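K.L.:
Predicted model and sequence below, questions to follow.
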Amino acid sequence: MDGTLCLTDTLHEGILALCAERPRKIFDLIPALRQGKATFKHRLADLHVLDGAGLPLREEVVTLAQEARAQGRSVLLVSAADQRQVDAVAQATDLFDEAIGSDGDVNLSGQAKADWLIARFGRGGFDYVGDSAADLDVWPHARRAIVVGTTPAMDRRIAGLDVPTEHLTPLPARSKRVAASIKAMRPHQWLKNLLVLVPALAAHNMAALVPASAAMVSFCLAASAIYIINDMLDLQVDRRHPRKRRRPFAAGTLPVSQGLSLAAGLLTASIIVGLLVQPLFLAVLIGYVALTTIYSFYLKRKVMIDIWMLGALYTTRMLAGGAATGLMLSEWLLAFSMFLFLSLAAVKRQSELADMVNRGVLRADGRDYRISDIPVVLGVVLSAGYCSVLVLALYISGDAVRGLYGNPGILWLACPLLLYWISRAAIISFRGEMDDDPIVFALKDKVSRGIFVIIAALFLAGSLT
């Protein structure tokens, strides 16, 4: 089942699903670790069984099973996974005459699986489809070995078996796996980490851009690690979403076992880069990772708290930029960012709610929101966004601005532009026409880019004496 029929491992995904939905229960599995794999899988199934309908399947194996049944042959799903998990997949796929799994005492893998099949069908009395080294104990006793998704090294071992062999589908090319890994890192989301440069730019300190740039790289690596962890925790939810189901882990193009090592590598690289910046920056980075981890496991399911948390994570990027450069963020900049980023976080939720309306879904999957919450979320979008413009206006009219800008009066033109952009973003998200992340949308949208260029030009012109 795992790796052969399914493009994933139900044991790994079951542990992740338990971590996501009931993280405290993960400690209940620890005693079972000492009692063997069969007991461990059985205890996991007591706590959580994956929905078999959402798992990504190998179409070649599905077709093979369908053709065999059409020929009147019996098709069995025999797996080392717990019996309840095997039953869930068999019932969802409706491909099998029987489903056999581990029973809590015997781990039905390798030689144990071979013994079961020989006792049931006799030597050479069955064709066996497999993908892993554990199947090398089974194939020699089969009439025909059908192989899927193996490595060249594995193929050489299979070639030494005295049994007719058919290679149904090869392992995806290394380039495809690398591309899936890069996609899982979401490099397009790195654009948000440009916020790390804001303190240096706001202080007109070009020399500070060097440590700020290193800090931005560190944040990009850390953010990608968090995206990977979040995607692995959201697997079941993503598979029910029309767009997110194409993400590498949800689609099965990247196994979660590789995701864990990839996330660990990215976090390690992020910390190494962070060590080259400033100790205070490293502290902010660790705080960011801690906050995002708490968000992924718990806070994202709390209504409104998740929006505040998303806004705080945007602001944390600016705090990291200040820590990396030694530049203090002004109260004006903090107040402006607090309201603006709260508005943008609400835009993100607003977009998801509007998408739910378009899909006829009444309640968010994995979030504590309903479509009836749209007016409240829209109110947060507009009120917080307009408050950020008010803070900007107060800043422009204050004495602090005269020390940095020779012609501060021209900055007033930025206020109506920002008001227009916030209002337009609210309407687009309300219509369900915005991407999941408003900052990424803004950087792709021609009108938004034009507004930002004009605002940047106004601040540049205002700084000229």
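P.N.:
Alright, I've got the coordinates. Numbers count the residues shown, from 1 in each chain.
K.L.:
ok, the closest residue to Leu7 other than its chain neighbours - contacts?
P.N.:
Once flanking residues are discounted, Leu7 sits nearest to Gly252: 2.9 Å by Cβ to Cβ, 6 or more residues apart in numbering. In this view, the C-beta of every residue, glycine as well, is placed from N, C-alpha and C. The contact partners of Gly252, by Cβ atoms under 8 Å, 6 or more residues apart in numbering, come to Cys6, Leu7, Thr8, Leu55, Pro56.
K.L.:
Just give me the neighbour total for the fourth one.
P.N.:
So the one you mean is Leu55. 23 (other Cβ atoms under 10 Å).
K.L.:
quick one: average confidence on the lengthiest strand in the chain?
P.N.:
For the chain, the strand that runs over the most residues, judged by DSSP state E, is strand 76-82. On average, the pLDDT along strand 76-82 is 96.
K.L.:
So what touches that strand?
P.N.:
By Cβ under 8 Å, 6+ apart, strand 76-82 touches 1-2, 5, 10-11, 37, 41-42, 44-45, 49, 85-86, 89-90, 95-102, 104, 107-109, 113, 116-117, 134.
K.L.:
So in that sheet, which strands flank it, and in what orientation?
P.N.:
Its sheet considered, strand 76-82 pairs with strand 98-102 (parallel) by DSSP bridges.
K.L.:
Looking at the partner strand now, give me its mean pLDDT.
P.N.:
96.
K.L.:
Just after that strand, pick out the following helix or strand.
P.N.:
Once the chain leaves strand 98-102, the next helix or strand it forms, by DSSP states H and E, is helix 111-121.
K.L.:
Can I get that next one as PDB, trimmed to CA atoms?
P.N.:
Output of helix 111-121 as PDB, limited to C-alpha atoms (Å, rounded to 0.1, in the frame of the first residue of the first chain):
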ATOM      1  CA  GLN A 111       9.300 -12.400   5.400                       C
ATOM      2  CA  ALA A 112       6.100 -12.200   7.400                       C
ATOM      3  CA  LYS A 113       4.200 -11.000   4.300                       C
ATOM      4  CA  ALA A 114       5.900 -13.700   2.200                       C
ATOM      5  CA  ASP A 115       4.900 -16.400   4.600                       C
ATOM      6  CA  TRP A 116       1.300 -15.200   4.600                       C
ATOM      7  CA  LEU A 117       1.000 -15.100   0.800                       C
ATOM      8  CA  ILE A 118       2.600 -18.500   0.500                       C
ATOM      9  CA  ALA A 119       0.200 -20.000   3.000                       C
ATOM     10  CA  ARG A 120      -2.700 -18.500   1.200                       C
ATOM     11  CA  PHE A 121      -1.700 -19.000  -2.500                       C
END
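K.L.:
tell me which residues in that helix are buried?
P.N.:
Ala112, Lys113, Ala114, Leu117, Ile118, Phe121 (16 or more other Cβ atoms under 10 Å).
K.L.:
tally of neighbours for the closest residue to Leu5 other than its chain neighbours?
P.N.:
Sequence neighbours aside, Val61 is the residue nearest to Leu5 in space, at 5.1 Å (criterion: Cβ to Cβ, 6+ apart). If you count neighbours by other Cβ under 10 Å, Val61 ends up with 22.
K.L.:
With Ile100 instead?
P.N.:
As a measure of burial, Ile100 has 19 neighbours, counting by other Cβ under 10 Å.
K.L.:
Wait, it touches Val86, no?
P.N.:
Yes. Counting by Cβ atoms under 8 Å, Val86 is a contact partner of Ile100 at 6.8 Å.
K.L.:
any weak-confidence spans in the protein?
P.N.:
Per-residue confidence for the chain (pLDDT under 70) gives these ranges: 171-175, 365-366, 403, 435-436, 465.
K.L.:
can you give me the strands in it?
P.N.:
Going by DSSP E, the chain shows strands at 76-82, 98-102, 127-130, 144-148, 165-169.
K.L.:
domain ranges for the protein?
P.N.:
1-109, 124-171, 176-463 (automatic domain parsing).
K.L.:
Can you name the residues that contact Gly104?
P.N.:
Gly104 neighbours (Cβ under 8 Å, 6+ apart): Ala38, Thr39, Lys41, His42, Asp82.
K.L.:
buried subset of the contacts of strand 76-82?
P.N.:
Counted by 16+ other Cβ under 10 Å, these give 1-2, 5, 10-11, 37, 41-42, 44-45, 49, 85-86, 89-90, 95-96, 99-102, 104, 107-109, 113, 117, 134 as buried.
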